[in-house]
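Q: Quick one: sequence plus predicted model below, questions after.
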Amino acid sequence: MPKYWFDHVHLVSPDPVKTTEFYEKAFGAKDEGIQELAGGRILASVGLDGMSIKATPPRDVPLVPNTLPGGCGLEHFGLRTDNLEVAVAELKAKGLRFVKEITEINPQTRIAFFLSPEDILVELLETGG
């Protein structure tokens with residue numbers, strides 16, 4: 001069985017930089033930088049005691065129906081694993097419904113998304129570093 005551990009919380013915000021600045025000012029979170037994503041979206045990230053809080057503007061097409069007020073709030077939480085292929089296969093065998101298959105987002109990171117029984121979006125990720 002692959003190992004799993006908590007990795008991050010992903011928020012949707014009309015102003016991701018302002019959102020992460022809030023966590024810096026309020027809680028002393030450390031700036032982890034801004035990345036440009038596909039389609040010109042940005043991802044702003046801060047670290048807080050070993051956990052990452054990430055924020056992006058809303059997706060053009062959400063992975064699950066939007067139930068967030070104004071399209072903003074918690075999009076998903078991320079679980080890291082040490083073997084993404086095995087994890088996905090095992091979870092599918094247990095009946096979990098994947099909404100995004102394994103995708104490489106950069107040479108060091110691959111992701112997949114599934115839904116909990118309550119349709120909460122969960123990201124699995126494997127990193128090379």
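A: In hand now; what should we look at?
Q: For this structure, give me the ranges with low pLDDT.
A: Within the chain, the stretches with pLDDT under 70 are 64-69, 117-118, 129.
Q: mind listing the strands for it?
A: Remark: strands assigned in the chain by DSSP state E are 4-12, 30-36, 42-48, 51-56, 73-81, 97-106, 109-115, 121-127.
Q: what sits opposite the residue found closest to F98 once you drop the neighbours it is linked to in the chain in the beta ladder?
A: Of all residues not flanking F98 in the chain, F114 sits nearest, at 4.7 Å (Cβ to Cβ, 6 or more residues apart in numbering). For glycine as for every other residue, the C-beta is placed from the backbone atoms N, C-alpha and C. Beta-bridge pairing of F114 under DSSP bridges involves F98, V122.
Q: repeat for R110
A: Assigned bridge partners for R110, using DSSP bridges, are E104, E126.
Q: what about D60, neighbour count?
A: Number of residues near D60 (other Cβ atoms under 10 Å) recorded here: 7.
Q: Torsion angles phi and psi at it?
A: phi -60, psi -40 (degrees, to the nearest 10).
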